[in-house]
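Visitor: sequence first, then the predicted structure:
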Number of protein chains: 2
Amino acid sequence: MKLYDISVTLEPGIPIWPGNPPFELERVNRLEDEASSNVSRLAMGAHTATHVDAPIHFIPGAAGVESLPLDILTGPATVFALDLPGGNITAETLEAAHIPTGTVRALLKTRNSDLWRGGPHDFRADFAGIAADGAAWIVAHQIKLIGVDYLSVGPKGAGRPTHETLLGAGVVVVEGLNLADVPPGDYELYCLPLKLKGSDGAPARAILIQK
Amino acid sequence: MKLYDISVTLEPGIPIWPGNPPFELERVNRLEDEASSNVSRLAMGAHTATHVDAPIHFIPGAAGVESLPLDILTGPATVFALDLPGGNITAETLEAAHIPTGTVRALLKTRNSDLWRGGPHDFRADFAGIAADGAAWIVAHQIKLIGVDYLSVGPKGAGRPTHETLLGAGVVVVEGLNLADVPPGDYELYCLPLKLKGSDGAPARAILIQK
């Protein structure tokens, strides 16, 4: 059994989506100052690093992140490596990836994952996102969970239709996965987001287990 | 297959350990204000609700939470119901719980879990924690992960020896579990804390799967 941690480390300097809150981690109680223990405080946007989106992220009045189904966030998942030196993930890209009928959880590995190899880096707007017709393809193929390896499932500047299509259809969207060291293939996914009542998203820890 | 979510919901009014930072969740970008999406910001202490402790919580210079072993945070775990109408969890309590030799992950269900039934509540100082001799018992019995159902593994006002014994021995400590609806018995545990580099603790989502 081999376990892959596909979560981005939360640390200073990680890329933040433009206009989202910064990541902060500060020790507020310190043993060296005679506190009874070391205690840190964290603050961040709900869409920082590895995270999930809730329907209310793009759909007014829709469900919050605590309602995302744990039986979809966990279970058999397949990592597909997409041949995509530039541009976005279209229906054509997905068609060419030979995603089997009946795939419930699909994690898409692209050039984006290489961005995580160096750790913290400035936000990159030229990441590969899923184009509107790619999102429609995912819904039409009844995929229930889609994972991507940069901070948004949709391309920068063109993310709205992608999010609306996926979240509107109840597809669980996992963003900010680091798939750099994961070979394509079949795994068990455990993606567990914080249980933040009413939130539009939540940071998550995600692992893959190869049996 | 049955899945139990044993995580405390993060919402306003949850009990906070005295002197720790408050829990905050605020929508900072709003669709109704012409933002491109709803985006929330969260802030909290690293030891809020369901969370894990890192050795550096009590031991100067020790490892941070990102170093906790995922192969201990996941795997077979047993829930033990302790008969403890008052007082703390001592070596005697644990001896009476018939914890089998070779138990790797033990989750202790006490009267504390009833406190989570009503949702948010004021912090309760009279929770059942593990006394110093109970912590020594756990280390002596080579348990690798111990889970408790209130905010600290040690009793209020007497937590230092318990934490030092467990964290010093490399036992993974999971706190703030809600075991109210979980029958005693054997499960697969998946406890996934945020990957916060260098932190003394991290909020986590934890589930049990009954196969």
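Guide: Happy to help now that I have it.
Visitor: pLDDT score for the most centrally placed residue in chain A?
Guide: For chain A, the residue nearest the mean C-alpha position is residue A:175 (1.5 Å; C-alpha atoms, centre = their mean). If you check residue A:175, the pLDDT there is 98.
Visitor: what sits against it?
Guide: Neighbour list for residue A:175: A:47, A:50, A:51, A:52, A:53, A:147, A:148, A:150, A:151, A:152, A:153 [criterion: C-beta atoms under 8 Å, 6 or more residues apart in numbering or on different chains]. All C-beta atoms are positioned from the backbone trio N, CA, C, and that covers glycine.
Visitor: same question for residue A:131.
Guide: Going by C-beta under 8 Å, 6+ apart, residue A:131 touches A:88, A:89, A:90, A:91, A:154, A:155, A:158, A:162.
Visitor: what are the neighbouring residues in contact with the last one?
Guide: Read that as residue A:162. So residue A:162 contacts A:129, A:130, A:131, A:132, A:134, A:135, A:153, A:154, A:155 (C-beta under 8 Å, 6+ apart).
Visitor: any chance of JSON lines for those, columns pLDDT and distance to residue B:207?
Guide: As requested, those are exported to JSON lines (pLDDT from 0 to 100; distance: C-beta to C-beta, whole Å):
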{"residue": "A:129", "pLDDT": "98", "distance to residue B:207": "30"}
{"residue": "A:130", "pLDDT": "98", "distance to residue B:207": "28"}
{"residue": "A:131", "pLDDT": "98", "distance to residue B:207": "34"}
{"residue": "A:132", "pLDDT": "98", "distance to residue B:207": "34"}
{"residue": "A:134", "pLDDT": "98", "distance to residue B:207": "31"}
{"residue": "A:135", "pLDDT": "98", "distance to residue B:207": "28"}
{"residue": "A:153", "pLDDT": "98", "distance to residue B:207": "24"}
{"residue": "A:154", "pLDDT": "98", "distance to residue B:207": "29"}
{"residue": "A:155", "pLDDT": "98", "distance to residue B:207": "33"}
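Visitor: and these, which of them are in strands?
Guide: In strands, judged by DSSP state E, none of those are found.
Visitor: with respect to chain B, which of those is nearest?
Guide: Within the contacts of residue A:162, the smallest distance to chain B is 10.1 Å, found for residue A:154 (C-beta to the nearest C-beta).
Visitor: picking that back up, show the buried residues in the contacts of residue A:131.
Guide: When burial is judged by neighbour count using 16 or more other C-beta atoms under 10 Å in any protein chain shown, the buried members of those are A:88, A:89, A:90, A:91, A:154, A:155, A:162.
Visitor: isn't there a helix covering the last one?
Guide: So the one you mean is residue A:162. Yes. Counting by DSSP: H, G, I helix; E, B strand; the rest coil, residue A:162 falls inside a helix.
Visitor: excluding chain neighbours, what is closest to residue A:54?
Guide: The shortest distance from residue A:54 to any non-neighbouring residue, by C-beta to C-beta, 6 or more residues apart in numbering or on different chains, is to residue A:65 (3.9 Å).
Visitor: any idea how far that neighbour lies from residue A:92?
Guide: 32 Å (C-beta to C-beta, to the nearest Å).
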